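J.: Task: produce atomic coordinates for the following.
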Amino acid sequence: MSLEVDMLRNMLIYRFFLFILLASPGAAIWGCERGAPAGGTRDAAMDAATQPDAEAYPDGALLPDGALLPDGAVLPDGAVLPDGAVLPDGAVLPDGAVLPDGAVLPDGATTPDSTVGPDSGPVACSNNGGCNQNEFCEKSSCFAFSGTCVTRPTSCPDTLAPVCDCDGVTFWNDCLRQQQGRVASQTGECGNTARTCGGLGNLQCPSSYQNTACSMILASSMFCAMMDPTGKCWVLPPQCPAIIVGADMRPCSGSSSPCVGTCDAIRSGAAYYQDNTCPQ
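T.: Residues are numbered from 1 along each chain as shown. Next comes the predicted model:
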């Protein structure tokens, strides 16, 4: 009788420990613990790859099409996102990350300055406020309601090729107009729409422009006797081009005064006229 009792007790103990082993999620007895390279199933490996814990992407990782990244995922340097990638809230993009066409950036996503985004084409705008700081809103005419954002040039030549902007200010060339983010009106010096300066009221050119000067270039020496002549507002290059030959602007102060170039004559703010007898 005691032998039967001992056998029954041992059987119950064996079944109890067997139940404990089978109930454990990391039971190695089945060979399918998470991440097990051998004995596991394909579904188990896929399950591990899609878990939020699997956030350690190596440098230069190429993520597959349609990849879904978990909340708070941190991408490594040089990561390349596939077309249609959807980034979660709080995703942090590293330096050099490449964003493909159709990539969706959620609220709170952090993108560094070196992030390369998809080419979405020209950006429409109604004024300079709709463009980046290094851009301006270029329009086809003064009356156009909208335009496109264009990058401002960082440097300009000193070649004379005047254009008139929509406020009646003449620019030395079109590059200077683009640099200051102004909409062009016409090619050539401003005519009847020109912003005037000087005169009896000693009018000043708009302070919102840079490198402005009041051009007092007269039609001929006959107008030098005028009192308080009225000029036109110009925008000049930071430095006038050097004139070796061809200076033909003579000041009204006297025929014995040396001739200068057009830019220097405008910048001086004094009355000049074109004199073809200037020594060349």
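
J.: show me where pLDDT drops low in the stretch 1-150 of the chain?
T.: Of all residues in the stretch 1-150 of the chain, those with pLDDT under 70 make up the ranges 1-85, 87-91, 93-120.

J.: One more pass at 50, please.
T.: The model of the stretch 1-150 of the chain has pLDDT under 50 over residues 26-55, 113-116.

J.: any residues touching stretch 133-143, and which ones?
T.: Contacts made with stretch 133-143 from outside it, assessed by CB atoms under 8 Å, 6 or more residues apart in numbering, are listed as 125-128, 130-131, 146-152, 166, 178, 181-183, 185. Where you see a C-beta, it was placed from the backbone N, CA and C, and this is true even at glycine.

J.: Show the buried residues in those residues.
T.: Neighbour-count burial (16 or more other CB atoms under 10 Å) applied to the contacts of stretch 133-143 gives 125, 128, 130-131, 147-150, 152, 178, 182-183, 185.

J.: tell me the two of the residues you listed that are most distant?
T.: Using CB to CB, the buried ones among the contacts of stretch 133-143 span at most 20.8 Å, a distance reached by Gly130 and Ser185.

J.: Pop out the phi and psi values for Gly181.
T.: As for Gly181, its main-chain torsions (degrees, to the nearest 10) stand at phi 70, psi 40.

J.: Equivalent analysis for Leu176, please.
T.: Backbone torsions of Leu176, given as degrees, to the nearest 10, read phi -60, psi -40.

J.: list the contacts for it?
T.: With contacts defined as CB under 8 Å, 6+ apart, the neighbours of Leu176 are 156, 211, 235-237.

J.: Kindly indicate which of those lies nearest Cys278.
T.: Within the set of these, Leu236 lies nearest Cys278; the separation is 20.5 Å, counting by CB to CB.

J.: Near that closest one, how many residues? Count them for me, please.
T.: For Leu236, the number of neighbouring residues by other CB atoms under 10 Å comes to 23.
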